[in-house]
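Engineer: Build me a model from this:
(one chain, ligands or ions: 2)
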Amino acid sequence: MISYQIVEHGKPLQRAVMDTPKPQGTEVLVRITRSGVCHSDLHIWDGYFDLGGGKRFYVKERGCIPPFTLGHEPLGVVEALGKKAKGVKVGQKRLVYPWIGCGKCAVCKAGQDNYCVSGSRFLGVNRPGAYATHVLVPDPKYLVDSSGIDDSFASTLACSAVTVYSAINKLPPLVPRDRVAVLGCGGLGLIAISILRAKGVKDIVGCDIDDAKLAAALKQGAKSTVNTRAPDAAQKLQGIAAAIDLVGAPATAALGIAALRKGGRYVICGLFGGELVHPLPPIAQRAIGIVGSYVGNLQELREVVALAKKGKIKPPPVETRPASQANAALEDLKAGRVVGRVVLDFETVQ
Ligand SMILES: [Zn+2]
Ligand SMILES: [Zn+2]
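Structural biologist: Ligands and ions are numbered 1, 2, ... in the order given. Purely as a prediction, here's the structure:
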């Protein structure tokens, strides 16, 4: 098999050729055809998350130690099965749910693998990921049939779409006239706009610092946009019922939380970094909720796939590039040059 690996954090990925693993027990070997490139790949590539105040969380502390293969938006074809792997056949195309837990703890047994408390096995985060021709999946239950959905778009459902779907599930009940802000209109922001629309929210405000991304947000179905660097940004956002923060920076949080109406909810998904400093009394007096959301569970992925199959989710722009351009794709994402999503094509890799 071939993979593109982090050999040293922050340095270009390197192409590696190694033995293709043989699936054991319930394991399934999937030959990757598409692999989405996600913003969180950049942090793992760098080797740390910025916690603010000069503090960092190093990815090696959760088991990501080079040489390491990124990639947590895998789509591919079942190539081989362990003896105990049931319910899927060789040759079937499947989307891989990457947020795999230990499978044994009470949280995993309740279907919340993404919140596993005793040893997560997240593909591309602390287990070999999908910037590779092959990936080993611990159990067929983590495979989802996405047939009928464009392959490149389908791969992005495994992280970007399920992440925003789960975040939107954390909003209080909304009526169509409620205004909801989407902070950050990159790949996740655009899919968030699609999913909010699919859920009946009409008044969506796309927020970003990049006018090209704001234009894409309008095309995607946002009713209005706010350039968050504009002097009147706070005034324009005032009174929002909720916000999905896909940036997760001190500036977005300060702006968005201040703009919430009483009883509003702020959901933080973005991992840009920094820290939140907020006076305590107004959180109670305004009865606002500030909640985090991290990826999504397997059932949520199935629901997202079902919505996409029905054509209810308008795909954001998706650019498919040869896998050999993995480094260029990461560089473009880092520099803010990507509108929508980049997906690597592993079918033609040599
Ligand atoms: Zn991701
Ligand atoms: Zn677990």
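Engineer: So what does P67 look like in phi/psi?
Structural biologist: phi -70, psi 130 (degrees, to the nearest 10).
Engineer: Show the pLDDT at it.
Structural biologist: On pLDDT, P67 comes in at 97.
Engineer: try I44
Structural biologist: For I44, the pLDDT comes out at 95.
Engineer: where does it land in three-state SS?
Structural biologist: What DSSP: H, G, I helix; E, B strand; the rest coil gives for I44 is helix.
Engineer: what about it, distance to G71?
Structural biologist: Using CB to CB, to the nearest Å, we find I44 at a distance of 10 Å from G71. Placement of C-beta: from N, CA and C, glycine included.
Engineer: what's the answer for R94, then?
Structural biologist: Here the criterion is CB to CB. By it, R94 lies 15 Å from G71.
Engineer: The nearest residue to A251 once chain neighbours are set aside: how many residues sit nearby?
Structural biologist: Leaving aside its chain neighbours, A251 sits nearest to T228 (7.2 Å; criterion: CB to CB, 6 or more residues apart in numbering). T228 has 23 neighbours, counted by other CB atoms under 10 Å.
Engineer: Also I191?
Structural biologist: 30.
Engineer: All further residue positions should be reported with the first residue as 32.
Structural biologist: Sure, I'll start numbering at 32, so the last one becomes I222.
Engineer: one step back: show me the common contact partners of I75 and G102, please.
Structural biologist: Counting by CB atoms under 8 Å, 6 or more residues apart in numbering, the shared contacts of I75 and G102 are G155.
Engineer: Show me which of the two is the more surrounded one.
Structural biologist: Legend: neighbour count by other CB under 10 Å for I75 and G102, higher for G102 (32 against 23).
Engineer: quick one: what helix or strand has the residue nearest to A280 when sequence neighbours are not counted in it?
Structural biologist: Spatial nearest neighbour of A280, excluding adjacent residues (CB to CB, 6+ apart): F303 at 4.2 Å. Per DSSP states H and E: F303 is located in neither a helix nor a strand.
Engineer: who's A273 bridged to?
Structural biologist: V211, R296 (DSSP bridges).
Engineer: cool, I321 as well?
Structural biologist: Y297.
Engineer: List the contacts of it.
Structural biologist: Applying CB under 8 Å, 6+ apart, the residues contacting I321 are 288, 296-297, 299, 307, 309, 314.
Engineer: out of those, which is most surrounded?
Structural biologist: Y297 (26 neighbours).
Engineer: Contact partners for that one?
Structural biologist: Contact analysis of Y297 by CB under 8 Å, 6+ apart lists 273-274, 276, 284, 287-288, 291, 319-322.
Engineer: and it, how far is that from ligand 2?
Structural biologist: Relative to ligand 2, Y297 is positioned 28 Å away (CB to the ion, to the nearest Å).
Engineer: before we move on, back to that, got a pLDDT number for the residue nearest to A282?
Structural biologist: Confidence for T259, expressed as pLDDT, is 97.
Engineer: got the CA positions of the lowest-mean-pLDDT helix or strand in the chain in PDB?
Structural biologist: Lowest on mean pLDDT, DSSP states H and E among the helices and strands of the chain sits strand 79-83, with a mean of 91. The C-alpha trace of strand 79-83 is given here as PDB (Å, rounded to 0.1, in the frame of the first residue of the first chain):
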ATOM      1  CA  TYR A  79      -0.500  20.700  18.400                       C
ATOM      2  CA  PHE A  80      -3.600  22.700  19.200                       C
ATOM      3  CA  ASP A  81      -3.300  26.300  20.500                       C
ATOM      4  CA  LEU A  82      -4.900  26.500  24.000                       C
ATOM      5  CA  GLY A  83      -4.200  30.200  24.400                       C
END
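Engineer: show me where this structure has helices.
Structural biologist: 70-77, 137-140, 182-187, 193-200, 218-229, 242-251, 264-268, 281-290, 312-316, 329-340, 357-365 (DSSP state H).
Engineer: got the angle between the last one and helix 70-77?
Structural biologist: Inter-element angle recorded for helix 357-365 and helix 70-77: 110 degrees (by axes from the mean of the first three to the mean of the last three CA atoms, to 10 degrees).
Engineer: can you list contacts of helix 357-365?
Structural biologist: In contact with helix 357-365 (CB under 8 Å, 6+ apart) are residues 35, 43-44, 68, 70, 72-73, 76, 162, 352, 369, 373, 375.
Engineer: That's all I had, so thanks and see you.
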